[in-house]
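K.L.:
Dropping the sequence and predicted coords here.
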Amino acid sequence: MNFDFTEEQTLLADALHRCLSEQADFATRKRTLHSDTGWSRALWTVLAELGVPATMLADTDGGLGGGAIELALIARATGAALCLEPIGSSLVANLTLARLAPAGLRTRLAPSLAAGTRIAVPTFESPYTVLQATRHDAAYRLSGTARVVYHAPCADQFLLAACTAGSTIADTLFLIPANAAGLLAVPCTSVDGQRAADLHLTDVQATTADTLISHDAAAVQWSVDVGILALAAETLGSVERSIALTIDYLKTRNQFGGPIGRFQALQHRVVGCLAKVEELHTMVFVAAARLDGEPMLRRTTIAALKVIACETAQHVGEEVVQLHGGMGVTEEMEISHHFRRLVAAGIRFGSRDQHLAAYTALRFPPSQSA
Amino acid sequence: MNFDFTEEQTLLADALHRCLSEQADFATRKRTLHSDTGWSRALWTVLAELGVPATMLADTDGGLGGGAIELALIARATGAALCLEPIGSSLVANLTLARLAPAGLRTRLAPSLAAGTRIAVPTFESPYTVLQATRHDAAYRLSGTARVVYHAPCADQFLLAACTAGSTIADTLFLIPANAAGLLAVPCTSVDGQRAADLHLTDVQATTADTLISHDAAAVQWSVDVGILALAAETLGSVERSIALTIDYLKTRNQFGGPIGRFQALQHRVVGCLAKVEELHTMVFVAAARLDGEPMLRRTTIAALKVIACETAQHVGEEVVQLHGGMGVTEEMEISHHFRRLVAAGIRFGSRDQHLAAYTALRFPPSQSA
Amino acid sequence: MNIELAPEDLAFRDHIRAFVAEQLPAAMAQRLLNGGKIEPSDIRTWQGILYKAGLGAIYWPAAFGGQDAAPVRQYLFELECALAGAPPQLSFGVRMLAPVLMRFGTTEQQRTFLPSILTGETWWCQGYSEPGAGSDLASLRTAAVLDGDHYVINGQKCWNTLGQYADWIFCLVRTDFTVKAQRGISLVLIDMKTPGITVRPTVLLDGTPEVNDIYFDNVRVPVSQRVGAENEGWTIAKFLLVHERTNIAGVPWSKRDFARLLGIAQAATRDGRPLMEDASFRAKLARLEIDLEVLEHTNLRMLSAAKPDMTTPSILKIRGSEVRQAISALTMEALGRQALPLVVGPGDAALTEDALTRGVTASYLNLRKLSIFGGSNEIQRNIVAQSMIGL
Amino acid sequence: MNIELAPEDLAFRDHIRAFVAEQLPAAMAQRLLNGGKIEPSDIRTWQGILYKAGLGAIYWPAAFGGQDAAPVRQYLFELECALAGAPPQLSFGVRMLAPVLMRFGTTEQQRTFLPSILTGETWWCQGYSEPGAGSDLASLRTAAVLDGDHYVINGQKCWNTLGQYADWIFCLVRTDFTVKAQRGISLVLIDMKTPGITVRPTVLLDGTPEVNDIYFDNVRVPVSQRVGAENEGWTIAKFLLVHERTNIAGVPWSKRDFARLLGIAQAATRDGRPLMEDASFRAKLARLEIDLEVLEHTNLRMLSAAKPDMTTPSILKIRGSEVRQAISALTMEALGRQALPLVVGPGDAALTEDALTRGVTASYLNLRKLSIFGGSNEIQRNIVAQSMIGL
């Protein structure tokens, strides 16, 4: 048993950290945040050259054949840097495509997705959806709404999850172009500054060639679980960075005749945050290691991971702002942007209580033995 | 609006505190705790002379006509002193008798109950009971078990709650002698050192003259609520005293070159305890003021009170022990006895979750407006 | 002990309720109940209406235009206003400076400044904190040097709330650098139009410019605008901080927020089913209502106490901020994914028309300040510990 | 990264599981799984069985009778033993003194003391804390004065765990009063039968005499029983404290306690209905299982790390104690009123025969010590803060 990374994994993480600290420092990121599009295609291109979008694609398709550990490492780095680019989203879409799509679809899209010239993002964060796929001859017609789809404004393709007739949860995955007829995107900005959109679909056509899997709710759940893992890993990166910023602040902010970090009550609260972060660290990589394993164990582990991630995001987010005092609630401080990212992470992909309920239903169903 | 006590109430509380600090200091109490009976009839007699058991009885019956506020003040004082005598139990029994019993029963028992020569204790802490009352001509036969009845070993009379035919919760109250035929008491010692017993009843006879009320589940619930109030007030006294002991300890215990109370992390935790105690203080007297008011408001307030009391007992109990360090877990320290009392208070009359569920059911029933 | 309202208090409450129902502009109320931003004009308008009805500051002494109202009545007044959707009164004038002027000001100062506070014509703000002296007021450095019958003021204030709209500021300045920290501080009143004053907004994490840095560059202030004796500012500051804390628990606002939470929860769904079917959510709602009930009665217990003590305002501040923050967090949770968009595009009818849910997340972000501003909860815990343990 | 057990580790686990199933006395296992008190004879008996099977201390070097087992194997070993109902090994000898002797002891000392630790024949206890020097070891005062080839020892130790059964004690004593706090301390081994030693039990809040005060009145100890150089005791103590912390999370015991909690919960009722029908209780159980799962894997992550760091043992100690205490609290809650009786009368068949629930409340009381003994959680937080913030 070991929790060590391979040399390749360590190199990937280091290269990414170096690249982001050079090219996406907080001042640069702030300009990007307030730009029209809210993300930097230049940075995205640099990341694509580093191989980030290619990582999740199969090597037979021109990708790098990475898996859950690589996904977690990349997401962690992007969380630490508060990236605004569609990194997590495209990793999830690309890994889903690599694992679930038929050869034709993969061959058609993999090269441009790997190069970063085409961006695919998922439109779902749970198997519950009001998107309906109705069969018409050889094709489906998709209708309904997907709310607050992250990175939708910069997507070229959408990975859609829909219900087919008779199913109450999504059981079919499609990859359709962002400019498909019948698709209306209404943009918004999420609490963490990332751009999103509500997608309204009216009889959008999807052929068999656009279909990854159908009548397979378990596969849709797997893709959702990939998304949860990516978000939790982003959260890990963000809380780790938040604690580092807070410790720096406590050491340098002087009040009452010395650095406020000398106050024991504040010290103990930092330690409380650290303990939470160690636990999230553990669970991110336990979940990554189990992503392709036995489905029931994956499901309970992912549910547990999101419980821990939500609690850690809220606890650490609120504590680090409080420990920064007045400075913590100003927009100019990096910490307040981490806080907002953590608020979003607590909401996205379902709340702590929803995932605790899912875990409870699997492990401790009413009046039965575990 | 005011939360002030009357002069009489203040005098009562002061007299009781003075009496208990003189006659039931910790050393004396420890001897009582380890005595055969586990309580002091001598102290009980002194308290009876002070008028404690008479307080709850109607003045027309030779009592002092006190109500919920007096009950709370007395219970608070006995909680602070960790009394082992059946004070709370007899107050609840006596007040129930005073309010609910027919004149005949009251007249028969009030004088000796007021004088303290007869002690009545309730055997129930919730309307849920396995005690069944079966009608046979003019009398009932009672069968079933009441578990862990506090102060049963020193009781002369038991206030019993039972279900009559067709009821799933207790709807009838009886007052029967402790030596009634068919009643077997199996003694035990509770976690807080107080003596108790399991009562096993087999066809115990109860006549109409022994019956306080019948087919009135609401009245039984009222009596349970009196018990919850008394226990919460005892808990208030115990946590107040616990914090005083802890502050003393922090000021006098030296480690690392000075009193440990100078450590800010410990100070802030004491403040956290104080805040909880202020809240319990508020709720004890709000609940007391509402005990004889509108039943629905009484019920939600009592449920809220028990939620707060359980949380305060656990939080403050665990914190004050921890703040005492190693000394906190030794039997010789008064604080460990408060802790045990608070553990018992968290269990008796139902858990925090049970009362939160009751409150939720009343205030926020499923899918309806509040 | 009588925890129910006396008949006279009930009558007073009903009177206020009727007054508010009649006089509070309905559009403003609806907007604010639905989480709309409070505009300065809302505050000025409402203060004007209150003033005309003789309700501009009911707890002021009658001699200054108040009604000598007891704390419980003031609480009832604020509760009725809050529940009906009124904006808050601007505390800097009505609640903070006015009591100081009544206690320490000259008759001339009282005559000059109190009436326009009552009418809402003059917008006051506060100049206390400085960079490096946030919680630690004793180390403040903004200098006031005597030059004839004027002070010449140089320095910087920060965390100044709503000062961008202010006509006047009351300011702690250092008038003596030769003495120990708390001594040598004075309180002066400064017209914001005085040359040399620059106001620069600080954007908070919800994106709003609610607080400001204020720079003083050779700002000349007549000595007659000093309140109290020179170098006695610390005494006044302490008096003022205590006054600031009398309604520190913010129960009326929490009750209004809780009512909104209930409205949102009853309309919300989770995974396609009504949220109020979810037992764990209902239990959270119940637990929070209990907290609010306890807070309200603890607040009333302390408001109605014969002699206030020094620790309870701090405990009320801590708990008041925690409860209100918890309400905002649970409201956000009730909304689920709908809570994500902070800024919506102009075309998004679905989101903008959903008025009940407007600004929920922005409010959660904004209310983080409650446990920090006005003496952080850590400072409050220090105050209580100092008083209880004294080490 | 491979978080699943390697095939060799699985085989090892299966071997231990089979060994324990065969060799652990069934009556003892049943009694301990049902919350019965661990008797000294249980510990001695089980250590003897382990020794005979070559499992007396698997992580010791082979040269001293161990198997050089990696931390993960040691964890698997302890987990299998705990789940099957074995008593714990006595850590004072096997886990604490033995590594010290291997590192600092003379060959003679190793030959004299290590074998009987492995066989379980010698019961060791620890003499560290003193009144006034609980968490603050540097201020200890028990004096060892040289007299020829003996030390003469006077003083008092407290919080000595299970010393009433001990054959020997290892003790920190002050050998030099002229130097600063941490210097001038030495570690000596003392036969508990030496004249001048008095053991007085301290009753804990669960009513058991688990710890003792030990008084030394002119106790003569040969200098040859000093471990390491004179006045080097602090270095040894630090080494020992680190070793003490390698299994500080106590995951095997928490897993055993959690299994018991599940058994109790499945049999329990609340208000006449099965407790496991209660959604809020099931959610608590789930949340606690998640905590345990996270703790176990965090522990394994750190055990398997190439280089251990200084803060993680402290974090594991804190979380390990919190999780185990939470399990004991929820077990008590599951029992409801049945948890109240601590002492039952001889006639109470219903309670005494209900073996599964025995000692639940006593265990909750007893486990309060987990966050206090062995360096309180507050001390652990100080250690982490010192390392992370360093102020």
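P.N.:
It's in.
K.L.:
use CA for all of it now, contacts and neighbours both
P.N.:
Fine.
K.L.:
Return the helix or strand in chain C with minimum mean pLDDT.
P.N.:
Least confident helix or strand, chain C: helix C:349-352 with a mean of 45, by mean pLDDT, DSSP states H and E.
K.L.:
Strands along chain C, start to end?
P.N.:
C:124-127, C:143-147, C:150-161, C:168-174, C:185-191, C:197-202, C:211-222, C:226-227, C:269-270, C:273-274, C:341-344 (DSSP state E).
K.L.:
any chance you could map the helices in the stretch 51-200 of chain A?
P.N.:
Remark: helices assigned in the stretch 51-200 of chain A by DSSP state H, counting those that start in this stretch are A:52-55, A:68-80, A:87-100, A:103-115.
K.L.:
Against which helices or strands is the third one packed?
P.N.:
The one in question is helix A:87-100. helix A:52-55, helix A:68-80, helix A:103-115, strand A:120-122, strand A:211-213, helix A:217-252 (3 or more Cα pairs under 8 Å, 6 or more residues apart in numbering or on different chains; DSSP states H and E).
K.L.:
contacting residues around that helix?
P.N.:
Residues from elsewhere that reach helix A:87-100 (Cα atoms under 8 Å, 6 or more residues apart in numbering or on different chains): A:52-53, A:55-58, A:67, A:71, A:75, A:78, A:106, A:113, A:119-122, A:150-151, A:159, A:212-213, A:219, A:223, A:226-227, A:230-231, A:234.
K.L.:
Would you point out which residue is most central in the chain?
P.N.:
Using chain A. By Cα atoms, centre = their mean, chain A has its centre lying nearest to A:L231, at 3.3 Å.
K.L.:
Correction: the question concerned chain C.
P.N.:
Centre-nearest of chain C using Cα atoms, centre = their mean is C:S91, 5.5 Å out.
K.L.:
so how far is chain A from that residue?
P.N.:
20 Å (Cα to the nearest Cα, to the nearest Å).
K.L.:
re the thing from before, out of the strands of chain C, which comes closest to chain B?
P.N.:
Chain B lies closest to strand C:273-274 among those, at 6.7 Å (Cα to the nearest Cα).
K.L.:
How far off centre is that closest one?
P.N.:
37 Å (Cα atoms, centre = their mean, to the nearest Å).
K.L.:
so C:L24 sits right up against C:W46, yeah?
P.N.:
Yes. Applying Cα atoms under 8 Å, one finds C:L24 in contact with C:W46, separated by 7.3 Å.
K.L.:
okay, those two: which has more neighbours?
P.N.:
C:W46 (22 against 19; other Cα atoms under 10 Å in any protein chain shown).
K.L.:
so how far is C:G85 from the more buried one?
P.N.:
11 Å (Cα to Cα, to the nearest Å).
K.L.:
Also A:T78?
P.N.:
With Cα to Cα as the criterion, A:T78 and C:G85 are 42 Å apart.
K.L.:
Measure how buried the spatially closest residue to A:T168 that is not a sequence neighbour is and give me the count.
P.N.:
Excluding its sequence neighbours, the residue lying closest to A:T168 (Cα to Cα, 6 or more residues apart in numbering or on different chains) is A:Y128, at 7.5 Å. The number of residues packed near A:Y128 is 18, by other Cα under 10 Å.
K.L.:
what's residue 233 in contact with, if anything?
P.N.:
Using chain A here. A:A72, A:L73, A:A75, A:R76, A:G79, A:V284.
K.L.:
you looked at the wrong chain, it should be chain C
P.N.:
C:L172, C:R183, C:G184, C:I185, C:S186, C:L187.
K.L.:
Am I right that A:T235 is in contact with A:V316?
P.N.:
No. Contact criterion Cα under 8 Å: A:T235 and A:V316 do not qualify, at 10.4 Å.
K.L.:
So for these two, which sits in the more crowded spot?
P.N.:
Using other Cα under 10 Å, the more surrounded residue of A:T235 and A:V316 is A:T235, with 33 against 26.
K.L.:
Would you tell me which one of the helices of the stretch 51-200 of chain A is buried the most?
P.N.:
Among the helices of the stretch 51-200 of chain A, helix A:52-55 has the highest mean neighbour count (mean count of other Cα atoms under 10 Å in any protein chain shown), at a mean of 29.
K.L.:
For the closest residue in space to A:G116 that isn't next to it in sequence, the count of nearby residues, please.
P.N.:
Excluding the flanking residues, the one nearest A:G116 by Cα to Cα, 6+ apart is A:A48, at 5.3 Å. The tally of other residues near A:A48 (other Cα under 10 Å) stands at 19.
K.L.:
residues in contact with A:A48?
P.N.:
A:A48 makes contacts with A:A54, A:A114, A:A115, A:G116, as judged by Cα under 8 Å, 6+ apart.
K.L.:
and if we set it to 10 Å?
P.N.:
Each residue near A:A48 by Cα atoms under 10 Å, 6 or more residues apart in numbering or on different chains is listed here: A:A42, A:A54, A:T55, A:I87, A:L113, A:A114, A:A115, A:G116, A:T117.
K.L.:
For it, which three-state class applies?
P.N.:
helix (DSSP: H, G, I helix; E, B strand; the rest coil).
K.L.:
Now for A:T235 and A:V316: what residues contact both?
P.N.:
A:V277, A:C310, A:L342.
K.L.:
now, among those residues, which is nearest to D:K37?
P.N.:
A:V277 (36.8 Å; Cα to Cα).
K.L.:
and the closest residue to C:G250 other than its chain neighbours, what pLDDT?
P.N.:
The shortest distance from C:G250 to any non-neighbouring residue, by Cα to Cα, 6+ apart, is to C:G320 (6.0 Å). Per-residue confidence (pLDDT) for C:G320: 96.
K.L.:
before we move on, the earlier item: and the residue nearest to A:T168, how close does it get to chain D?
P.N.:
Taken as Cα to the nearest Cα, the span from A:Y128 to chain D is 22 Å.
K.L.:
What of C:V94?
P.N.:
43 Å.
K.L.:
For that residue, which non-adjacent residue is spatially closest?
P.N.:
Of all residues not flanking C:V94 in the chain, C:I117 sits nearest, at 6.1 Å (Cα to Cα, 6+ apart).
K.L.:
picking up where we left off before, output the helices of the stretch 51-200 of chain A in CSV, with mean pLDDT appended to each entry.
P.N.:
Shown next, in CSV, are the helices of the stretch 51-200 of chain A (pLDDT from 0 to 100):
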stretch, mean pLDDT
helix A:52-55, 96
helix A:68-80, 98
helix A:87-100, 97
helix A:103-115, 95
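K.L.:
Throw those into a markdown table and include distance to A:R31, thanks.
P.N.:
Below are these laid out as a markdown table (distance: least, Cα to Cα, whole Å):
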| stretch | distance to A:R31 |
| --- | --- |
| helix A:52-55 | 23 |
| helix A:68-80 | 17 |
| helix A:87-100 | 18 |
| helix A:103-115 | 25 |
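K.L.:
Between these, which one is closest to C:R256.
P.N.:
That would be, of the helices of the stretch 51-200 of chain A and by Cα to Cα, helix A:68-80, which comes in at 36.0 Å.
K.L.:
Distance from the chain centre to that closest one, please.
P.N.:
The chain centre lies 9 Å from the centre of helix A:68-80; the measure is Cα atoms, centre = their mean.
K.L.:
Let me see the domain layout of the chain.
P.N.:
Answering for chain A, as no chain was given. Listed by automatic domain parsing, the domain ranges of chain A are A:7-118, A:122-213, A:217-369.
K.L.:
wrong one, I was asking about chain C
P.N.:
Taken from automatic domain parsing, chain C resolves into C:7-89, C:124-231, C:249-388.
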